[in-house]
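**Student:** can you look at this prediction? I've put the sequence above it.
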Amino acid sequence: MDLSKVRNIGIAAHIDSGKTTLSERILFYTGRIHQIIEVRSKTGAGPTMDSMDLEREKGITIQSAATYCQWKDYQINLIDTPGHIDFTVEVERALRVLDGAVLVLCGVAGVQSQSITVDRQMRRYNVPRIAFINKVDRAGANPDKVVNQLEEKLGHKPVLITMPIGLEDNFEGVVDLLKMKAIYYEGANGENVVEKDIPAHLLNEAKLRKQKLIERLADYDDFVAEKFLEEAEITQDELIQAIRRATIAMHITPVFIGTAKQNKGVQTMLDGVGLFLPAPNEIKNKALDLDDNENEIILKSDSELPTVALAFKLEDGKYGQLTYMRIYQGKITKGDNLVNIQNKKKIKVPRIVKMHASNMEDMETAYAGDIIGMFGVDCSSGDTFTDGRVNYSMTSMHIPTPVIELSIMPKERTQQVNFSKALNRFQKEDPTFQVHRDEESGETLVKGMGELHLEIYIERIKREYNTEVIVGKPKVAYRETITQKATFDYTHKKQSGGAGQFARVAGFIEPLTIPNEMHYEFSNQIVGGVIPKEYIPACDKGFQEQLLEGILIKQPVVDVKVAINDGSTHPVDSSELAFKLASKHAIKEAVAKAKPIILEPIMKLEVAVPEEFQGIVIGQLNQRRGVIVNTLLESKYVTVEAEVPLREMFGYSSDIRSVTQGKGEFTMEFLKYQSVPKSIEEEIIKDFKERESNKK
């Protein structure tokens, strides 16, 4: 397999730009499907271009996350890009396996709010892209306006590769500025691509536009700059190579024009995917070396090196779990043994498939750069697999602690099975989404990284599993800690017929000066064996168990050091259990004396809004106890970075939509725990006591 001819691409767009219709046409022209099915509106009022999530789209044949097709001598893996940036890891992984992307823009509406979102996502993960201005046959289409918006609103440096022949109802085809030829798409579905001379009335415009293209390239490419200054002829091949270099370096965005619905311009855009977007070996892919402190390693798309692959999406298929995997290095053959780096489990590769139409083609071996499906592999989304020769992970092993929880239950008891299926699947897909059962109340609690994060999953349970859900009020995951040192000396005695229990423990608890990952430190300072060695682990265990429940609001007590320095035993009545119980009571008393306080999760918030809303947004954040850390203005958009208590962020998503006319968006992730102001601490304790008394 020639890696230079492989393209792993995604199609990203604002809703209604025609992403679905374009995907459909790509599959048709590459021979993946043999008839074009229009995406129909619910009312039956004729075709509408509706870009719902591709998985849910009934009018389209992409049922899979990665669809493989062949265009000329290029192999294209078309990867479904998720629409939600809600700081779920899902988006990150899908973008991670893309090497390049096609940004679809509507020829009438141009750059819209979600175009800005997807562009920001691609920029964050350094995904080179080409743009396709769609719907130029519609009334009001103006490709030049859209090109200007690409520059002004998104900060791209667009270069037109094709220009339209006619617009709106008169749109006939395009002029290819590299070949300097007019291109028409003939036949019932535009499948015959015909090259002709440029119409005389457009020749001057085409020459001017080509000149503009060369001028812009000269800004980024020394070779073109030199030829340009010498006024020397630049061949078509030299131009293509220069555009390719500048696109992969993300200096420029090649722009193609067409209308997917009228079958014009799609094949030329597909040529652009092959000519200008990177092959897998032209992208820097990094892994983290777990044997070397998670230091970064650059992977090479070489089939002879140790295998490294990432499971980036899971799907429930009729044959069980289908795992989509991108191979970054090495190769995978059916029957090979692979190691799941996350849990160190060994698996034998049962079946490798490549998605092709609604069929799956079985494969014997897949190589670096390939995207494959595997059945019968029990893993979670984001797991890294290697052949055991290296201990690399594609994602950091540190999973952030969820900071918010909700109680949820299905509305109808009959939907319990679907409800459980959904929760199991989402936990596998996303390690930051956690589910557990509260034994006291019998409720199912879901935990996540923020209100929006959980909202998305609740919405998905409704849509994908047809299950209505009753949702409780969100609760913040507080912690408790202590502010001063306190001593303890506790004797546990129990005498009732037969063997009794006796244990005495003494020592102190103090705030941990250098917090560690466990948020706890145990120090054994016993001398002279006053407590026998075999009872020490029981003391440690007793302390840790008791610290899971603080005394203010029954939340875990963190960042404490417990030292044990004295005690006594009884020759008959002492036991591990006695020491564990003594330690639990001792620590409970000590925490109460050590001036405990409540800690709350502080979120790192990034809000992006058009410039004119900057004042309102900052005002809103100040009201929510937010601390503004930074503001950044680029291409008419302001990004405000702030640190805000999670407690104050409930309802923020609807607030920001209303004050920014729907144009504002935000991402939020957990940053740290911090002590709560006194007045708010009193409020939290009061709420907690009320809830406790209601339970009784």
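**Tutor:** That came through fine.
**Student:** please make it C-alpha for all contacts and neighbour counts, starting now.
**Tutor:** Will do.
**Student:** which stretches of the stretch 101-250 of the chain have low pLDDT?
**Tutor:** 113 (pLDDT under 70).
**Student:** let's go with 90 and repeat that
**Tutor:** Along the stretch 101-250 of the chain, segments meeting pLDDT under 90 span 106-126, 138-141, 152-155, 166-171, 187-192, 221-222, 224, 227-235.
**Student:** and for S653, the neighbour number?
**Tutor:** For S653, the neighbour count with other C-alpha atoms under 10 Å is 15.
**Student:** pLDDT at it, what is it?
**Tutor:** Looking at S653, its pLDDT reads 80.
**Student:** do A357 as well
**Tutor:** 52.
**Student:** ok, K179 - contacts?
**Tutor:** Applying C-alpha atoms under 8 Å, 6 or more residues apart in numbering to K179 gives the contacts Q236.
**Student:** using the three-state scheme, assign it.
**Tutor:** Secondary structure assignment for K179 (DSSP: H, G, I helix; E, B strand; the rest coil): coil.
**Student:** please tell me how far it sits from A246.
**Tutor:** For K179, the distance to A246 equals 19 Å [C-alpha to C-alpha, to the nearest Å].
**Student:** now stretch 121-133: buried residues?
**Tutor:** Within stretch 121-133, the residues that count as buried by 16 or more other C-alpha atoms under 10 Å are 121-122, 126-133.
**Student:** okay, among those residues, which ones form the most distant pair?
**Tutor:** Farthest apart among the buried residues of stretch 121-133 by C-alpha to C-alpha are N126 and I133. That separation is 21.4 Å.
**Student:** spell out the secondary structure type for S441.
**Tutor:** S441 ends up coil, using three-state DSSP.
**Student:** neighbours of it, just the number please.
**Tutor:** The criterion is other C-alpha under 10 Å. On that basis, S441 has 8 neighbouring residues.
**Student:** could you check how far it is from I404?
**Tutor:** Noted for S441: a distance of 18 Å to I404, by C-alpha to C-alpha.
**Student:** same deal with N524?
**Tutor:** From N524 to I404 the distance is 35 Å (C-alpha to C-alpha).
**Student:** between the two, which one's more packed in?
**Tutor:** A direct count of neighbours by other C-alpha under 10 Å for N524 and I404 places I404 higher, at 22 against 16.
**Student:** hmm, G450 and the more buried one touching each other?
**Tutor:** Yes: counting by C-alpha atoms under 8 Å, G450 is a contact partner of I404 at 6.0 Å.
**Student:** after the one helix or strand V273 maps to, next one along is what?
**Tutor:** Using DSSP states H and E, V273 sits within helix 266-276. As assigned by DSSP H and E, the chain's next helix or strand after helix 266-276 is strand 285-289.
**Student:** quick one: residues in contact with that following strand.
**Tutor:** Outside strand 285-289, the residues touching it (C-alpha under 8 Å, 6+ apart) are 294-300, 328, 391-396.
**Student:** can we see that at 7 Å?
**Tutor:** 294-299, 391-394 (C-alpha atoms under 7 Å, 6 or more residues apart in numbering).
**Student:** who are the neighbours in contact with I628?
**Tutor:** Contacts of I628 (C-alpha under 7 Å, 6+ apart): 641-643.
**Student:** so in this structure, where's the weakest helix or strand by average pLDDT?
**Tutor:** Least confident element among the helices and strands of the chain, by mean pLDDT, DSSP states H and E: helix 89-97 (a mean of 73).
**Student:** next helix or strand past the lengthiest strand in the chain?
**Tutor:** Counting by DSSP state E, the longest strand found in the chain is strand 596-610. Per DSSP H and E, strand 596-610 leads on to helix 614-623 as the next helix or strand towards the C-terminus.
**Student:** bridging residues for L322?
**Tutor:** Beta-bridge partners recorded for L322 (DSSP bridges): E315, F375.
**Student:** just to revisit the earlier point, partners of the longest strand of the chain in the sheet?
**Tutor:** Strand 596-610 has these partner strands in its sheet, going by DSSP bridges: strand 479-482 (antiparallel), strand 637-645 (antiparallel), strand 665-675 (antiparallel).
**Student:** turn those into JSON lines, columns for mean neighbour count, mean pLDDT and distance to K334.
**Tutor:** As requested, these are exported to JSON lines (neighbours: other C-alpha atoms under 10 Å; pLDDT from 0 to 100; distance: least, C-alpha to C-alpha, whole Å):
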{"stretch": "strand 479-482", "mean neighbour count": "24", "mean pLDDT": "95", "distance to K334": "48"}
{"stretch": "strand 637-645", "mean neighbour count": "21", "mean pLDDT": "90", "distance to K334": "48"}
{"stretch": "strand 665-675", "mean neighbour count": "18", "mean pLDDT": "83", "distance to K334": "39"}
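**Student:** quick one: closest of those strands to Q211.
**Tutor:** The closest of the strands paired with strand 596-610 to Q211 is strand 637-645. By C-alpha to C-alpha, the value is 31.0 Å.
**Student:** what residues sit buried inside stretch 560-568?
**Tutor:** Buried residues in stretch 560-568, counted by 16+ other C-alpha under 10 Å: 560-568.
**Student:** which non-adjacent residue is nearest N418?
**Tutor:** Leaving out its chain neighbours, the residue that sits closest to N418 by C-alpha to C-alpha, 6 or more residues apart in numbering is Y465, at 6.0 Å.
**Student:** okay, the one you found and E429: tell me how far apart.
**Tutor:** With distances taken as C-alpha to C-alpha, Y465 is found 15 Å from E429.
**Student:** mind checking which of these two has more residues around it?
**Tutor:** A count of neighbours by other C-alpha under 10 Å puts E429 above the other of Y465 and E429, at 23 against 16.
**Student:** and what about I526, helix, strand or coil?
**Tutor:** coil.
**Student:** so what's the closest residue to it other than its chain neighbours up against?
**Tutor:** Spatially, and ignoring its direct neighbours in sequence, I526 is nearest to N565 (4.6 Å; C-alpha to C-alpha, 6+ apart). When contacts are counted by C-alpha under 7 Å, 6+ apart, N565 is found next to 506-507, 524-526.
**Student:** for the residues you listed, pick the one with the most neighbours.
**Tutor:** The most neighbours of any of those, using other C-alpha under 10 Å, belong to G507, which has 22 neighbours.
**Student:** I'd say that one and F488 touch.
**Tutor:** Yes: in this structure, G507 is within contact of F488 by C-alpha atoms under 7 Å, at 5.5 Å.
**Student:** got the residue ranges for the strands in the stretch 501-650 of the chain?
**Tutor:** Assigned by DSSP state E, counting those that start in this stretch, the strands in the stretch 501-650 of the chain fall at 501-511, 520-524, 560-568, 596-610, 627-634, 637-645.
**Student:** which elements pack onto the second one?
**Tutor:** So that's strand 520-524. Contacts defined by 3 or more C-alpha pairs under 7 Å, 6 or more residues apart in numbering; DSSP states H and E place strand 520-524 against strand 560-568.
**Student:** centre of the chain to the strand it packs on, how far?
**Tutor:** 45 Å (C-alpha atoms, centre = their mean, to the nearest Å).
**Student:** with just CA atoms, put it into PDB.
**Tutor:** Below are the C-alpha coordinates for strand 560-568, written out as PDB (Å, rounded to 0.1, in the frame of the first residue of the first chain):
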ATOM      1  CA  VAL A 560      -4.300  15.500  55.100                       C
ATOM      2  CA  LYS A 561      -1.400  13.700  56.800                       C
ATOM      3  CA  VAL A 562      -2.100  11.300  59.600                       C
ATOM      4  CA  ALA A 563       0.700  10.200  61.900                       C
ATOM      5  CA  ILE A 564       0.400   7.400  64.600                       C
ATOM      6  CA  ASN A 565       3.000   7.700  67.400                       C
ATOM      7  CA  ASP A 566       1.600   5.800  70.400                       C
ATOM      8  CA  GLY A 567      -0.900   3.200  71.500                       C
ATOM      9  CA  SER A 568      -1.400   0.100  73.500                       C
END
